[in-house]
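[1] how does the following fold in three dimensions:
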Amino acid sequence: MSLEPDDLLAIGEVSRRTGVPASALHFYEQLGLIASTRTAGNQRRYPRHMLRRISLIVVAKRLGIPLGDVQELFAGLPLDHAPSQQDWRRLAKIWRAELDARRTQLEHLQRELTGCIGCGCLSLKACRLLNPDDALSADGPGPRRI
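    Have a look, this model is predicted:
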């Protein structure tokens, strides 16, 4: 049996194919990340094009990208029909920029941590983590120099 682009998939089939539990699919639907239709018996059915959206959500989670960021990214994609190639290209361009920024942040963090942890000096005179009189607290919460 071959599947057609307009075929609707039961939630169990979507869960099996994406590896995403049904409860997570319900949650993604509540957030507006994906959409389903209902049968006469009130069962969810997902258009096949939702598989790609769900797969991107899975990848984003794996990369530590918050669902809120995914919501923003998906805001320009249609829910009621499969996105066009142009839609996906636009999304890929935005996605690429986000990933490049994350890569730069991770590389910077790696350099800082390698220098800090690797030196082992624990010197309050030379250490980059030095914060006399807690002066950096005025800049806000969290690590300020790394």
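[2] tell me the secondary structure at the residue nearest to Gly64 when sequence neighbours are not counted.
    For Gly64, ignoring the flanking residues on the chain, the nearest one in space by Cβ to Cβ, 6 or more residues apart in numbering is Arg102 at 7.9 Å. (Each C-beta comes from the backbone N, C-alpha and C, glycine too.) Under DSSP: H, G, I helix; E, B strand; the rest coil, Arg102 falls in the helix class.
[3] how near is Arg102 to Leu77?
    From Arg102 across to Leu77, the span is 21 Å (Cβ to Cβ, to the nearest Å).
[4] can you check Trp88 too?
    In terms of Cβ to Cβ, Trp88 sits 8 Å off from Leu77.
[5] tell me the SS of Pro141?
    coil.
[6] ok, now which ones touch Arg111?
    Contacts for Arg111 (Cβ atoms under 8 Å, 6 or more residues apart in numbering) come out as none.
[7] can you mark which positions in the helix or strand of the chain with the lowest mean pLDDT are buried?
    Ranked by mean pLDDT, DSSP states H and E, the helix or strand of the chain with the weakest confidence is helix 85-119, at a mean of 82. By neighbour count on 16 or more other Cβ atoms under 10 Å, the buried set for helix 85-119 is 91, 95, 98.
[8] repeat that for stretch 61-78.
    In stretch 61-78, counting by 16+ other Cβ under 10 Å, buried: 65, 70, 73-74, 77.
[9] so how far is it off the chain centroid?
    5 Å (Cα atoms, centre = their mean, to the nearest Å).
[10] same deal with stretch 39-48?
    Using Cα atoms, centre = their mean, the offset of stretch 39-48 from its chain centre is 26 Å.
[11] mind saving the C-alpha coords of it as CSV?
    Provided in CSV are the C-alpha atoms of stretch 39-48 (Å, rounded to 0.1, in the frame of the first residue of the first chain):
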residue,chain,number,x,y,z
THR,A,39,-12.8,11.9,12.5
ALA,A,40,-16.5,11.4,13.0
GLY,A,41,-15.4,9.2,16.0
ASN,A,42,-13.4,12.2,17.4
GLN,A,43,-10.0,10.5,16.7
ARG,A,44,-7.0,12.6,15.7
ARG,A,45,-5.7,12.3,12.2
TYR,A,46,-2.5,14.1,11.1
PRO,A,47,-1.6,15.1,7.5
ARG,A,48,1.5,13.4,6.4
